[in-house]
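1. sharing a model that was predicted from the sequence below.
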Amino acid sequence: MTASKSRRGNRTKFGPRALERRVLREDIRDRIIEDILNGRLAPGDRIVETRMAQQFGVSQAPVREALRDLELFGFVVSSPFRGAIVRQTSLEDLVQIYPIRAVLEGLAARDAATRIDEAGLKRLERLLATMRKAASRGDNRAAVAADFAFHFTIVKASGNWLLRQFWERMQLATTTLLTVAKSHHSMKEIVERHLPVLEALQAHDPAAAEATMRRHIEEPGEWIRTSLETTEGPKEGKRRTPRGRAAG
């Protein structure tokens, strides 16, 4: 066998197969994330490698790699005896994550203000219209899905791939608290809070976009903090897990 044939064989053996395995891992990871965010996998649910491998028609190796990614992203925790378990996000976790999210998305909005094109602005308008219609008919799930897409569109428009990577790793925390938010504000009110953000982006004003986005996110964080203090009172160390997805 010639050296060139040997090199071609190696590319076939290690290149495409490694790529295929990576794609499988990413597909499995994204499917599990979707199941968690949609509530098909609930906090505390166990994810069994063998069962997942059968479901996807693959070996356990890419499933194991996907679960490692999910643990890094904060979606699951590993137990020595139970394997991977869907992580429970407490109100305390969300109180801590909101200031971080406000900084990240504030920076994203600042960059997006000068980079977003007309197609991106039209998409934000459509998503706001979708949120309004969903809120009017009481479809909170559709409103939250459009809310998530609204924020992701801005993060993507920033053009900052590293910021986007950090944001995507916070997906579980960025699905804000519907149950808490609804106890203080109607879904229609929550939806209308997106309008100033859109207007700042339409004006292509970086400073206004950043300030508006930060305020947009920091306020629900304060709602959650207030709810936590009201619920727990003087008690300390008690952790509560939100039952719904939130608004932001």
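-> That came through fine. In this text, all values refer to a predicted model and were calculated from it rather than measured experimentally. Numbers count the residues shown, from 1 in each chain.

2. show me the domain layout of the chain.
-> 6-86, 91-232 (automatic domain parsing).

3. could you tell me the least trusted of the ones you listed?
-> Note on these: domain 6-86 shows the lowest mean pLDDT, a mean of 77.

4. dump the domains of the chain into JSON lines; add mean neighbour count as well.
-> Where C-beta positions appear, they are placed from N, C-alpha and C, glycine not excepted. Shown next, in JSON lines, are the domains of the chain (neighbours: other C-beta atoms under 10 Å):
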{"stretch": "domain 6-86", "mean neighbour count": "15"}
{"stretch": "domain 91-232", "mean neighbour count": "18"}
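
5. next structured bit after the one helix or strand residue 200 maps to?
-> Using DSSP states H and E, residue 200 falls within helix 195-202. Following helix 195-202 in sequence order, the next helix or strand is helix 206-232 (DSSP H and E).

6. other SSEs contacting that following helix?
-> helix 91-115, helix 178-184, helix 195-202 (3 or more C-beta pairs under 8 Å, 6 or more residues apart in numbering; DSSP states H and E).

7. and the angle for the helix or strand just after the first one with helix 195-202?
-> In the C-terminal direction, the helix or strand that comes right after helix 91-115 (DSSP H and E) is helix 118-136. Orientation check (axes from the mean of the first three to the mean of the last three C-alpha atoms, to 10 degrees): helix 118-136 against helix 195-202 gives 170 degrees.

8. any chance of the helices and strands packed on helix 206-232 in JSON lines, with distance to residue 68 too?
-> Compiled in JSON lines, those are given as follows (distance: least, C-beta to C-beta, whole Å):
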{"stretch": "helix 91-115", "distance to residue 68": "21"}
{"stretch": "helix 178-184", "distance to residue 68": "30"}
{"stretch": "helix 195-202", "distance to residue 68": "35"}
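
9. right, so of those helices, which gets closest to residue 161?
-> Set against residue 161 and scored by C-beta to C-beta, those come closest in helix 91-115, at 11.3 Å.

10. what angle sits between that closest one and helix 206-232?
-> Relative orientation of helix 91-115 versus helix 206-232 (the same axes, to 10 degrees): 170 degrees.

11. all good on my end, thank you.
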